[in-house]
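Novice: Sequence isn't available, so here's the structure alone:
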């Protein structure tokens, strides 16, 4: 599995369920939804980075 691209930048506001990124497996592309509403605070991976099951793609800081 490989990280493909981000649809949002650090500092962008997202709503739970918004498509924020894409990952690739051979023959398929999958959208990554925002797990919560808030602001994207960190992006821990970049295009073409290999992914493992325990990797954290990014951090969404929840709204208060």
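Specialist: Here it is on my side, so go on. Predicted model, so just to flag it, every value in this text is computed and none were measured.
Novice: For the residue nearest to residue 48 when sequence neighbours are not counted, the count of nearby residues, please.
Specialist: Nearest residue to residue 48, sequence neighbours excluded (CB to CB, 6 or more residues apart in numbering): residue 2, at 6.1 Å. For glycine as for every other residue, the C-beta is placed from the backbone atoms N, C-alpha and C. Look at residue 2: counted by other CB atoms under 10 Å, it has 14 neighbours.
Novice: again, but for residue 42
Specialist: 11.
Novice: I'd like to know which elements the host helix or strand of residue 39 is packed against.
Specialist: Element membership for residue 39, per DSSP states H and E: strand 38-43. Contacts defined by 3 or more CB pairs under 8 Å, 6 or more residues apart in numbering; DSSP states H and E place strand 38-43 against strand 13-14, strand 58-62.
Novice: Just the pLDDT at the spatially most central residue of the chain, thanks.
Specialist: With distances taken as CA atoms, centre = their mean, residue 21 lies nearest the centre of the chain, 4.2 Å away. As predicted, residue 21 sits at a pLDDT of 98.
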